[in-house]
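Asks: How does the following fold in three dimensions:
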Amino acid sequence: MKKRLITAAMALSLAAAGAAAWTTVEQSEAAGVIAKCAEAMGGADKIKEIRTLRAEVAYPDHDSWMTYPGREGKPATAEIKKIELNPVISDDRFQVPVQNSGKSGYLEVPDGKLYYEVAGEGDWLVLVHDGNLHSVTWDEQFPVFSESYKVVRYDRRGYGKSTYPEKPYSNIEDLAEVFRQLSIPGATLMGMSAGGGLVIDFTLEHPDKVTGLVLVGAVVSGFGYTDHMRTRGGNLDPAILSDPAQAADYFCNKDPYTFYEGNPEARKRGYEYLMNSLQNYRMDKFGLLTGPKRPALPNLKEIKVPALIVVGEYDIPDCHAHAGAIEAGIAGSKRVLVNKAGHIVPLEQPASFNELVLTFLRENKFFEILGQNGVSDAVQSFEEARKRNDHSFDFSEQRLNQAGYGYLRDGKIKEAIELFKLNALAYPDSWNTYDSLAEAYMADGNKELAILYYEKSLKLNPGNGNAVNQLKNLKK
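Replies: Sure, this is the predicted structure:
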(Lines give C-alpha, C1' and ligand atoms only; values in the text may rest on other atoms or scores of the structure.)
Protein backbone atom coordinates (compact mmCIF):
# COMPACT_ATOMS: atom_id res chain seq x y z
CA MET A 1 0.00 0.00 0.00
CA LYS A 2 1.35 3.42 -0.92
CA LYS A 3 1.63 5.97 1.83
CA ARG A 4 -1.02 8.66 1.71
CA LEU A 5 0.34 12.20 1.49
CA ILE A 6 -1.69 14.63 3.60
CA THR A 7 -1.81 18.33 2.72
CA ALA A 8 -3.19 21.32 4.56
CA ALA A 9 -5.70 21.72 1.73
CA MET A 10 -8.14 19.63 3.69
CA ALA A 11 -7.50 21.50 6.93
CA LEU A 12 -8.09 24.89 5.36
CA SER A 13 -11.00 23.83 3.20
CA LEU A 14 -12.81 22.06 6.01
CA ALA A 15 -12.52 25.08 8.27
CA ALA A 16 -13.98 27.28 5.55
CA ALA A 17 -16.85 24.85 5.06
CA GLY A 18 -17.76 24.73 8.73
CA ALA A 19 -17.53 28.52 9.12
CA ALA A 20 -20.53 29.10 6.89
CA ALA A 21 -22.93 28.39 9.77
CA TRP A 22 -21.18 30.51 12.42
CA THR A 23 -21.70 34.03 13.72
CA THR A 24 -19.53 36.89 12.45
CA VAL A 25 -17.38 36.72 15.61
CA GLU A 26 -16.93 32.95 15.27
CA GLN A 27 -15.99 33.32 11.60
CA SER A 28 -13.37 35.90 12.57
CA GLU A 29 -11.93 33.59 15.22
CA ALA A 30 -11.92 30.68 12.76
CA ALA A 31 -10.06 32.80 10.23
CA GLY A 32 -7.36 33.29 12.84
CA VAL A 33 -7.09 29.55 13.42
CA ILE A 34 -6.89 28.92 9.68
CA ALA A 35 -4.15 31.52 9.34
CA LYS A 36 -2.18 29.92 12.17
CA CYS A 37 -2.70 26.53 10.58
CA ALA A 38 -1.31 27.79 7.28
CA GLU A 39 1.64 29.42 9.03
CA ALA A 40 2.40 26.26 11.01
CA MET A 41 2.33 24.24 7.82
CA GLY A 42 4.68 26.41 5.85
CA GLY A 43 3.38 29.97 5.76
CA ALA A 44 1.27 31.95 3.34
CA ASP A 45 3.92 31.64 0.64
CA LYS A 46 3.18 27.91 0.56
CA ILE A 47 -0.43 28.37 -0.46
CA LYS A 48 -0.54 27.33 -4.10
CA GLU A 49 -4.13 27.22 -5.29
CA ILE A 50 -7.79 27.67 -4.44
CA ARG A 51 -10.23 24.87 -5.06
CA THR A 52 -13.65 23.79 -3.78
CA LEU A 53 -14.37 20.64 -1.82
CA ARG A 54 -17.72 19.46 -0.56
CA ALA A 55 -17.48 19.18 3.25
CA GLU A 56 -19.55 17.66 6.01
CA VAL A 57 -20.48 19.76 9.04
CA ALA A 58 -19.02 18.30 12.23
CA TYR A 59 -21.65 20.04 14.35
CA PRO A 60 -23.50 19.22 16.51
CA ASP A 61 -22.09 15.66 16.60
CA HIS A 62 -18.60 14.38 15.85
CA ASP A 63 -19.89 11.08 14.42
CA SER A 64 -22.28 12.95 12.13
CA TRP A 65 -20.17 12.52 8.98
CA MET A 66 -22.03 9.24 8.52
CA THR A 67 -25.51 10.77 8.60
CA TYR A 68 -25.58 14.48 7.86
CA PRO A 69 -25.57 16.24 4.44
CA GLY A 70 -22.70 18.47 3.38
CA ARG A 71 -22.18 22.00 2.18
CA GLU A 72 -19.72 23.82 -0.04
CA GLY A 73 -16.43 25.17 1.27
CA LYS A 74 -13.72 27.53 0.02
CA PRO A 75 -10.39 25.81 0.58
CA ALA A 76 -6.78 26.63 -0.09
CA THR A 77 -3.88 24.22 -0.25
CA ALA A 78 -0.55 24.30 1.53
CA GLU A 79 2.15 21.82 2.41
CA ILE A 80 2.07 19.99 5.72
CA LYS A 81 5.11 18.64 7.50
CA LYS A 82 4.95 14.99 8.49
CA ILE A 83 5.97 14.24 12.05
CA GLU A 84 7.40 10.78 12.60
CA LEU A 85 7.55 8.74 15.77
CA ASN A 86 10.09 5.96 15.91
CA PRO A 87 9.67 4.70 19.47
CA VAL A 88 12.25 2.52 21.16
CA ILE A 89 10.77 0.40 23.91
CA SER A 90 13.54 -0.09 26.45
CA ASP A 91 11.69 -2.12 29.10
CA ASP A 92 8.39 -3.74 29.95
CA ARG A 93 6.78 -0.78 31.71
CA PHE A 94 4.54 -0.18 28.72
CA GLN A 95 3.24 -3.73 28.30
CA VAL A 96 -0.15 -4.82 29.60
CA PRO A 97 -0.19 -6.46 33.06
CA VAL A 98 -2.09 -9.71 33.38
CA GLN A 99 -4.51 -8.38 35.99
CA ASN A 100 -5.51 -5.10 37.55
CA SER A 101 -7.91 -4.66 40.44
CA GLY A 102 -10.66 -2.06 40.30
CA LYS A 103 -14.39 -1.60 40.38
CA SER A 104 -17.18 -1.22 37.86
CA GLY A 105 -20.83 -0.30 37.85
CA TYR A 106 -23.45 2.04 36.42
CA LEU A 107 -23.95 5.75 36.81
CA GLU A 108 -27.48 7.14 36.65
CA VAL A 109 -27.93 9.87 34.05
CA PRO A 110 -31.18 11.47 32.83
CA ASP A 111 -33.20 8.72 31.08
CA GLY A 112 -30.31 6.26 31.07
CA LYS A 113 -27.31 4.57 32.64
CA LEU A 114 -23.58 4.71 31.86
CA TYR A 115 -21.37 1.68 32.44
CA TYR A 116 -17.99 2.60 33.95
CA GLU A 117 -14.80 1.09 35.35
CA VAL A 118 -12.25 2.70 37.66
CA ALA A 119 -8.87 1.43 38.86
CA GLY A 120 -5.59 2.65 40.31
CA GLU A 121 -4.51 5.52 42.56
CA GLY A 122 -3.00 8.91 41.89
CA ASP A 123 -3.94 11.76 39.57
CA TRP A 124 -7.18 11.22 37.67
CA LEU A 125 -7.18 10.11 34.03
CA VAL A 126 -10.52 9.76 32.19
CA LEU A 127 -10.65 7.76 28.94
CA VAL A 128 -13.35 8.55 26.37
CA HIS A 129 -13.79 6.11 23.49
CA ASP A 130 -14.35 6.65 19.76
CA GLY A 131 -17.46 6.31 17.61
CA ASN A 132 -16.70 2.76 16.50
CA LEU A 133 -15.77 0.77 19.58
CA HIS A 134 -16.86 1.36 23.17
CA SER A 135 -14.57 1.51 26.21
CA VAL A 136 -12.79 -1.68 25.08
CA THR A 137 -10.85 0.72 22.84
CA TRP A 138 -8.68 1.16 25.94
CA ASP A 139 -8.12 -2.51 26.83
CA GLU A 140 -4.38 -2.13 26.21
CA GLN A 141 -4.18 1.12 28.20
CA PHE A 142 -6.52 0.76 31.20
CA PRO A 143 -4.38 -1.72 33.20
CA VAL A 144 -1.09 -0.02 32.26
CA PHE A 145 -2.13 3.53 33.12
CA SER A 146 -3.82 2.45 36.36
CA GLU A 147 -0.42 1.36 37.66
CA SER A 148 0.41 5.07 38.06
CA TYR A 149 -2.90 6.94 37.86
CA LYS A 150 -6.53 6.67 38.95
CA VAL A 151 -8.12 5.75 35.64
CA VAL A 152 -11.77 5.85 34.59
CA ARG A 153 -13.24 4.54 31.38
CA TYR A 154 -16.92 4.40 30.49
CA ASP A 155 -19.27 3.55 27.63
CA ARG A 156 -20.96 6.56 26.10
CA ARG A 157 -24.71 6.36 25.76
CA GLY A 158 -25.68 3.97 22.97
CA TYR A 159 -22.36 2.08 23.16
CA GLY A 160 -21.17 -1.07 24.92
CA LYS A 161 -22.96 -1.81 28.19
CA SER A 162 -24.55 1.62 28.56
CA THR A 163 -28.25 2.06 27.82
CA TYR A 164 -29.44 3.11 24.38
CA PRO A 165 -30.96 6.59 24.27
CA GLU A 166 -34.66 7.01 23.60
CA LYS A 167 -34.86 10.70 24.50
CA PRO A 168 -32.61 13.70 23.77
CA TYR A 169 -29.29 13.54 25.59
CA SER A 170 -25.91 15.28 25.79
CA ASN A 171 -22.53 13.56 25.75
CA ILE A 172 -21.04 16.65 27.41
CA GLU A 173 -23.53 16.53 30.29
CA ASP A 174 -23.02 12.77 30.61
CA LEU A 175 -19.28 13.31 31.00
CA ALA A 176 -19.98 16.02 33.58
CA GLU A 177 -22.03 13.44 35.48
CA VAL A 178 -19.08 11.05 35.44
CA PHE A 179 -17.00 13.76 37.09
CA ARG A 180 -19.71 14.62 39.61
CA GLN A 181 -20.73 11.12 40.67
CA LEU A 182 -17.15 9.81 40.93
CA SER A 183 -16.06 12.99 42.77
CA ILE A 184 -13.33 13.80 40.26
CA PRO A 185 -11.91 17.26 41.13
CA GLY A 186 -9.90 17.48 37.92
CA ALA A 187 -8.44 15.09 35.38
CA THR A 188 -6.45 14.62 32.24
CA LEU A 189 -8.93 13.67 29.52
CA MET A 190 -7.95 11.17 26.83
CA GLY A 191 -10.35 11.13 23.88
CA MET A 192 -10.29 8.91 20.81
CA SER A 193 -11.77 10.17 17.50
CA ALA A 194 -15.30 11.44 18.23
CA GLY A 195 -14.41 11.05 21.90
CA GLY A 196 -11.55 13.46 21.25
CA GLY A 197 -13.99 15.99 19.88
CA LEU A 198 -16.16 15.46 22.94
CA VAL A 199 -13.37 16.13 25.43
CA ILE A 200 -12.44 19.30 23.55
CA ASP A 201 -16.04 20.52 23.79
CA PHE A 202 -16.14 19.49 27.46
CA THR A 203 -12.92 21.40 28.16
CA LEU A 204 -14.38 24.57 26.67
CA GLU A 205 -17.52 24.26 28.82
CA HIS A 206 -15.78 23.00 32.01
CA PRO A 207 -12.20 24.36 31.89
CA ASP A 208 -11.80 24.06 35.67
CA LYS A 209 -12.19 20.27 35.46
CA VAL A 210 -9.42 19.57 32.93
CA THR A 211 -5.69 19.42 33.67
CA GLY A 212 -4.51 18.02 30.35
CA LEU A 213 -5.64 16.53 27.03
CA VAL A 214 -4.59 13.50 25.01
CA LEU A 215 -6.38 13.58 21.64
CA VAL A 216 -6.12 10.46 19.46
CA GLY A 217 -7.33 10.67 15.87
CA ALA A 218 -9.55 13.42 17.23
CA VAL A 219 -12.00 15.62 15.37
CA VAL A 220 -13.06 19.12 16.37
CA SER A 221 -16.58 20.53 16.20
CA GLY A 222 -17.07 23.22 13.58
CA PHE A 223 -14.35 21.92 11.27
CA GLY A 224 -16.35 19.86 8.79
CA TYR A 225 -15.64 16.77 6.68
CA THR A 226 -14.92 16.15 3.02
CA ASP A 227 -16.71 13.82 0.63
CA HIS A 228 -13.63 11.63 0.92
CA MET A 229 -14.41 11.13 4.61
CA ARG A 230 -18.12 10.55 4.01
CA THR A 231 -17.48 7.92 1.33
CA ARG A 232 -14.29 6.57 2.92
CA GLY A 233 -12.40 7.31 -0.26
CA GLY A 234 -15.23 6.01 -2.42
CA ASN A 235 -15.24 2.61 -0.69
CA LEU A 236 -18.34 2.93 1.50
CA ASP A 237 -21.86 2.07 0.32
CA PRO A 238 -24.06 4.31 2.56
CA ALA A 239 -26.82 1.71 2.46
CA ILE A 240 -24.90 -0.59 4.81
CA LEU A 241 -25.05 1.98 7.61
CA SER A 242 -28.65 0.90 8.23
CA ASP A 243 -27.41 -2.59 9.16
CA PRO A 244 -25.07 -2.60 12.23
CA ALA A 245 -23.59 -6.01 11.37
CA GLN A 246 -22.74 -4.94 7.81
CA ALA A 247 -21.31 -1.67 9.12
CA ALA A 248 -19.11 -3.55 11.60
CA ASP A 249 -17.91 -5.85 8.84
CA TYR A 250 -17.09 -2.94 6.54
CA PHE A 251 -15.27 -0.73 9.06
CA CYS A 252 -13.21 -3.55 10.56
CA ASN A 253 -12.57 -5.80 7.57
CA LYS A 254 -12.77 -3.62 4.45
CA ASP A 255 -12.25 0.03 5.30
CA PRO A 256 -8.72 1.16 4.30
CA TYR A 257 -8.38 3.60 7.21
CA THR A 258 -9.85 2.15 10.43
CA PHE A 259 -6.99 -0.35 10.80
CA TYR A 260 -3.68 -0.36 8.94
CA GLU A 261 -3.47 -3.45 6.74
CA GLY A 262 -0.32 -4.55 8.56
CA ASN A 263 -2.26 -5.00 11.82
CA PRO A 264 -4.56 -8.00 11.13
CA GLU A 265 -4.76 -9.05 14.80
CA ALA A 266 -6.01 -5.61 15.85
CA ARG A 267 -8.52 -5.68 12.99
CA LYS A 268 -9.78 -9.11 14.09
CA ARG A 269 -10.02 -8.01 17.69
CA GLY A 270 -11.95 -4.88 16.80
CA TYR A 271 -14.42 -6.90 14.75
CA GLU A 272 -15.03 -9.31 17.62
CA TYR A 273 -15.63 -6.39 19.99
CA LEU A 274 -18.17 -4.86 17.62
CA MET A 275 -20.06 -8.05 16.89
CA ASN A 276 -20.64 -8.31 20.65
CA SER A 277 -21.93 -4.72 20.80
CA LEU A 278 -23.79 -3.98 17.57
CA GLN A 279 -25.69 -1.10 19.16
CA ASN A 280 -22.48 0.88 18.59
CA TYR A 281 -23.46 1.15 14.91
CA ARG A 282 -27.11 2.03 15.38
CA MET A 283 -27.36 5.46 13.76
CA ASP A 284 -30.68 6.67 15.13
CA LYS A 285 -29.07 7.80 18.41
CA PHE A 286 -27.41 10.71 16.64
CA GLY A 287 -30.80 12.26 15.94
CA LEU A 288 -31.35 12.56 19.70
CA LEU A 289 -27.94 13.98 20.54
CA THR A 290 -27.63 17.57 21.76
CA GLY A 291 -24.43 19.22 20.56
CA PRO A 292 -22.07 21.68 22.25
CA LYS A 293 -23.15 25.22 23.03
CA ARG A 294 -20.69 26.56 20.46
CA PRO A 295 -18.33 25.06 17.86
CA ALA A 296 -14.85 24.40 19.23
CA LEU A 297 -12.70 25.38 16.25
CA PRO A 298 -12.84 29.18 16.65
CA ASN A 299 -12.50 28.87 20.43
CA LEU A 300 -9.54 26.50 20.75
CA LYS A 301 -7.34 29.39 21.90
CA GLU A 302 -9.20 29.31 25.22
CA ILE A 303 -7.69 25.91 26.07
CA LYS A 304 -4.62 26.50 28.23
CA VAL A 305 -3.78 22.97 29.44
CA PRO A 306 -1.02 20.76 27.95
CA ALA A 307 -2.31 18.83 24.93
CA LEU A 308 -0.88 15.83 23.08
CA ILE A 309 -2.34 15.15 19.62
CA VAL A 310 -1.79 11.65 18.22
CA VAL A 311 -2.63 10.46 14.68
CA GLY A 312 -2.03 7.13 12.99
CA GLU A 313 0.16 7.21 9.89
CA TYR A 314 -2.55 5.58 7.75
CA ASP A 315 -5.57 7.30 9.25
CA ILE A 316 -8.00 8.98 6.86
CA PRO A 317 -6.85 12.40 5.57
CA ASP A 318 -9.64 14.30 7.34
CA CYS A 319 -8.31 13.17 10.73
CA HIS A 320 -4.87 14.48 9.82
CA ALA A 321 -6.46 17.76 8.79
CA HIS A 322 -8.39 18.00 12.06
CA ALA A 323 -5.20 17.25 14.00
CA GLY A 324 -3.42 20.12 12.24
CA ALA A 325 -6.26 22.51 13.03
CA ILE A 326 -6.30 21.46 16.69
CA GLU A 327 -2.53 21.93 16.94
CA ALA A 328 -2.78 25.38 15.39
CA GLY A 329 -5.60 26.34 17.75
CA ILE A 330 -4.23 25.10 21.11
CA ALA A 331 -1.07 27.00 22.01
CA GLY A 332 1.84 24.76 23.00
CA SER A 333 0.15 21.54 21.90
CA LYS A 334 2.26 18.75 20.46
CA ARG A 335 1.27 16.63 17.43
CA VAL A 336 2.79 13.19 16.84
CA LEU A 337 2.28 10.68 14.04
CA VAL A 338 2.43 7.00 15.01
CA ASN A 339 3.88 4.71 12.38
CA LYS A 340 2.11 1.57 11.14
CA ALA A 341 -1.29 2.52 12.54
CA GLY A 342 -4.62 3.51 11.08
CA HIS A 343 -7.39 5.15 13.08
CA ILE A 344 -7.48 2.88 16.14
CA VAL A 345 -3.94 3.63 17.32
CA PRO A 346 -4.35 2.36 20.93
CA LEU A 347 -5.20 -1.16 19.72
CA GLU A 348 -2.83 -1.20 16.75
CA GLN A 349 0.38 0.04 18.38
CA PRO A 350 -0.30 -0.24 22.13
CA ALA A 351 3.27 -0.34 23.45
CA SER A 352 4.39 2.69 21.42
CA PHE A 353 1.19 4.55 22.24
CA ASN A 354 1.46 3.81 25.95
CA GLU A 355 5.05 5.00 26.09
CA LEU A 356 4.14 8.18 24.24
CA VAL A 357 1.24 8.99 26.58
CA LEU A 358 3.03 8.10 29.81
CA THR A 359 5.99 10.25 28.81
CA PHE A 360 3.60 13.14 28.14
CA LEU A 361 1.86 12.72 31.50
CA ARG A 362 5.14 12.48 33.40
CA GLU A 363 6.58 15.48 31.59
CA ASN A 364 3.63 17.55 32.69
CA LYS A 365 4.38 16.74 36.32
CA PHE A 366 8.08 17.56 35.97
CA PHE A 367 7.51 20.78 34.04
CA GLU A 368 4.80 21.90 36.46
CA ILE A 369 7.41 21.82 39.23
CA LEU A 370 9.96 23.48 36.95
CA GLY A 371 7.57 26.31 36.15
CA GLN A 372 6.34 26.85 39.69
CA ASN A 373 9.39 26.14 41.84
CA GLY A 374 12.36 26.51 39.53
CA VAL A 375 15.24 24.41 38.26
CA SER A 376 16.66 23.31 41.61
CA ASP A 377 13.39 21.79 42.88
CA ALA A 378 12.67 20.13 39.54
CA VAL A 379 16.13 18.52 39.42
CA GLN A 380 15.82 17.39 43.03
CA SER A 381 12.36 15.89 42.44
CA PHE A 382 13.64 13.91 39.47
CA GLU A 383 16.73 12.64 41.28
CA GLU A 384 14.73 11.56 44.34
CA ALA A 385 12.19 9.81 42.15
CA ARG A 386 14.98 8.05 40.26
CA LYS A 387 16.36 6.67 43.55
CA ARG A 388 12.91 5.18 44.29
CA ASN A 389 12.68 3.74 40.77
CA ASP A 390 9.71 6.09 40.37
CA HIS A 391 9.13 7.16 36.77
CA SER A 392 6.43 9.72 37.51
CA PHE A 393 8.85 12.62 36.88
CA ASP A 394 10.27 11.34 33.59
CA PHE A 395 10.57 13.72 30.63
CA SER A 396 11.52 13.50 26.98
CA GLU A 397 15.01 14.46 25.89
CA GLN A 398 13.69 16.85 23.28
CA ARG A 399 11.42 18.80 25.59
CA LEU A 400 14.01 19.27 28.32
CA ASN A 401 16.56 20.28 25.69
CA GLN A 402 14.15 22.94 24.46
CA ALA A 403 13.60 24.16 28.01
CA GLY A 404 17.35 24.40 28.55
CA TYR A 405 17.78 26.56 25.49
CA GLY A 406 14.95 28.74 26.73
CA TYR A 407 16.93 29.47 29.87
CA LEU A 408 20.07 29.99 27.79
CA ARG A 409 18.32 32.55 25.58
CA ASP A 410 17.14 34.39 28.69
CA GLY A 411 20.69 34.65 29.96
CA LYS A 412 20.11 32.14 32.78
CA ILE A 413 23.23 30.17 31.98
CA LYS A 414 23.67 28.39 35.32
CA GLU A 415 20.07 27.14 35.23
CA ALA A 416 20.51 26.01 31.63
CA ILE A 417 23.62 24.05 32.59
CA GLU A 418 21.71 22.24 35.36
CA LEU A 419 18.93 21.25 32.95
CA PHE A 420 21.38 20.05 30.30
CA LYS A 421 23.26 18.05 32.96
CA LEU A 422 19.99 16.45 34.01
CA ASN A 423 19.19 15.60 30.40
CA ALA A 424 22.59 13.93 30.00
CA LEU A 425 21.96 11.98 33.21
CA ALA A 426 18.59 10.76 31.93
CA TYR A 427 19.79 10.10 28.37
CA PRO A 428 23.49 9.19 28.67
CA ASP A 429 23.67 7.61 25.22
CA SER A 430 22.47 10.69 23.36
CA TRP A 431 25.15 12.74 21.65
CA ASN A 432 22.84 15.74 21.53
CA THR A 433 22.58 16.08 25.31
CA TYR A 434 26.36 16.50 25.57
CA ASP A 435 26.45 18.87 22.62
CA SER A 436 23.91 21.13 24.35
CA LEU A 437 25.73 20.91 27.67
CA ALA A 438 29.03 21.84 25.98
CA GLU A 439 27.37 24.87 24.38
CA ALA A 440 26.09 26.03 27.77
CA TYR A 441 29.55 25.65 29.35
CA MET A 442 31.01 27.59 26.43
CA ALA A 443 28.49 30.38 27.07
CA ASP A 444 29.55 30.32 30.72
CA GLY A 445 33.21 30.75 29.76
CA ASN A 446 34.22 27.28 30.96
CA LYS A 447 36.43 26.24 28.06
CA GLU A 448 37.72 23.05 29.70
CA LEU A 449 34.25 21.53 30.28
CA ALA A 450 33.02 22.73 26.89
CA ILE A 451 35.85 20.74 25.25
CA LEU A 452 35.15 17.73 27.45
CA TYR A 453 31.48 17.48 26.49
CA TYR A 454 31.96 18.33 22.81
CA GLU A 455 34.46 15.47 22.65
CA LYS A 456 32.00 13.16 24.40
CA SER A 457 29.29 14.16 21.92
CA LEU A 458 31.63 13.58 18.99
CA LYS A 459 32.56 10.15 20.29
CA LEU A 460 28.89 9.15 20.30
CA ASN A 461 28.28 10.76 16.92
CA PRO A 462 31.38 11.18 14.73
CA GLY A 463 29.18 12.99 12.22
CA ASN A 464 28.43 15.87 14.59
CA GLY A 465 29.84 18.69 12.48
CA ASN A 466 29.00 21.31 15.09
CA ALA A 467 31.21 19.60 17.67
CA VAL A 468 34.07 19.35 15.15
CA ASN A 469 33.90 23.07 14.38
CA GLN A 470 33.53 24.14 18.01
CA LEU A 471 36.49 21.98 19.12
CA LYS A 472 38.66 23.53 16.41
CA ASN A 473 37.85 26.99 17.72
CA LEU A 474 38.20 26.04 21.39
CA LYS A 475 41.60 24.37 20.88
CA LYS A 476 43.20 27.25 18.99
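
Asks: where does the protein have low pLDDT?
Replies: Along the chain, the parts satisfying pLDDT under 70 run over 1-101.

Asks: Looking at it, which helix is longest?
Replies: helix 350-373 (DSSP state H).

Asks: tell me what it is packed against?
Replies: helix 142-145, strand 187-192, strand 210-216, strand 307-312, strand 334-338, helix 375-387, helix 397-409 (3 or more CB pairs under 8 Å, 6 or more residues apart in numbering; DSSP states H and E). C-beta here means a position set from N, CA and C on the backbone, and glycine is covered the same way.

Asks: How about the contacts made by residue 420?
Replies: 401, 404, 433, 436-437, 440 (CB atoms under 8 Å, 6 or more residues apart in numbering).

Asks: one step back: buried residues in the longest helix of the chain, which are they?
Replies: 350-367, 369-370 (16 or more other CB atoms under 10 Å).

Asks: on that earlier part again, redo the helices and strands packed on helix 350-373 as TSV? Include distance to residue 299 and mean neighbour count.
Replies: Putting those into TSV (distance: least, CB to CB, whole Å; neighbours: other CB atoms under 10 Å) gives the following:
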stretch	distance to residue 299	mean neighbour count
helix 142-145	29	24
strand 187-192	16	27
strand 210-216	14	24
strand 307-312	14	26
strand 334-338	19	20
helix 375-387	32	16
helix 397-409	27	18
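
Asks: So which of the ones you listed is nearest residue 260?
Replies: Nearest to residue 260 among the helices and strands packed on helix 350-373 is strand 307-312 (6.8 Å), distances taken as CB to CB.

Asks: now the most centrally placed residue in the chain, nearest residue through space, not along the chain?
Replies: By CA atoms, centre = their mean, the chain has its centre lying nearest to residue 309, at 2.4 Å. Nearest residue to residue 309 in three dimensions, chain neighbours excluded: residue 335, at 4.2 Å (CB to CB, 6 or more residues apart in numbering).

Asks: ok, that neighbour to residue 394 distance?
Replies: In this view, residue 335 and residue 394 are 21 Å apart by CB to CB, to the nearest Å.

Asks: and what of residue 225?
Replies: When residue 225 is compared with residue 394 (using CB to CB), they lie 37 Å apart.

Asks: Run the chain-centre distance for stretch 360-370.
Replies: Computed by CA atoms, centre = their mean, to the nearest Å, the chain-centroid distance of stretch 360-370 equals 17 Å.

Asks: Enumerate every residue touching the nearest residue to residue 345 once chain neighbours are set aside.
Replies: Leaving out its chain neighbours, the residue that sits closest to residue 345 by CB to CB, 6+ apart is residue 312, at 4.7 Å. Neighbour list for residue 312: 217, 260, 319, 337-338, 341-345, 348-349 [criterion: CB under 8 Å, 6+ apart].

Asks: so how far is residue 191 from residue 312?
Replies: For residue 312 relative to residue 191 (CB to CB), the value is 15 Å.

Asks: Likewise for residue 270?
Replies: 18 Å.

Asks: Quick check: residue 255 touching residue 235?
Replies: Yes: the criterion here is CB atoms under 8 Å, and residue 255 meets it with residue 235 at 6.6 Å.

Asks: Tell me which of these two has more neighbours.
Replies: residue 255 (20 against 11; other CB atoms under 10 Å).

Asks: Do you have the helices of the stretch 101-250 of the chain handy? List them.
Replies: 142-145, 171-181, 194-205, 227-231, 244-249 (DSSP state H, counting those that start in this stretch).

Asks: Show me what the fourth one packs onto, helices and strands only.
Replies: Where contact means 3+ CB pairs under 8 Å, 6+ apart, helix 227-231 is packed against strand 54-56, helix 317-329.

Asks: For these, give me CSV that also has distance to residue 302 and mean neighbour count.
Replies: Formatted as CSV, the helices and strands packed on helix 227-231 follow (distance: least, CB to CB, whole Å; neighbours: other CB under 10 Å):
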stretch, distance to residue 302, mean neighbour count
strand 54-56, 24, 24
helix 317-329, 9, 27
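
Asks: export these to TSV and tack on distance to residue 464?
Replies: Converted to TSV, these look like this (distance: least, CB to CB, whole Å):
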stretch	distance to residue 464
strand 54-56	47
helix 317-329	30
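
Asks: Kindly check the end-to-end length of stretch 105-115 for me.
Replies: 6 Å (CA to CA, to the nearest Å).

Asks: Could you pull out the buried residues of that stretch?
Replies: 107, 109, 112, 114-115.

Asks: can you give me how far that stretch is from the chain middle?
Replies: With CA atoms, centre = their mean, you get 28 Å for stretch 105-115.

Asks: Show me the contact partners of that stretch.
Replies: By CB under 8 Å, 6+ apart, the residues outside stretch 105-115 that reach it are 104, 116, 135, 154-157, 160-167, 169, 173-174, 177-178, 181-182.

Asks: Could you turn the buried ones of those into a PyMOL selection?
Replies: Remark: buried members of those, expressed as a PyMOL selection using 16+ other CB under 10 Å:
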select buried, resi 116+135+154+155+156+157+160+161+162+163+165+169+174+177+178+182
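
Asks: List the ones among the contacts of stretch 105-115 that fall in strands.
Replies: 104, 116, 154, 169 (DSSP state E).

Asks: Thanks a lot, catch you later.
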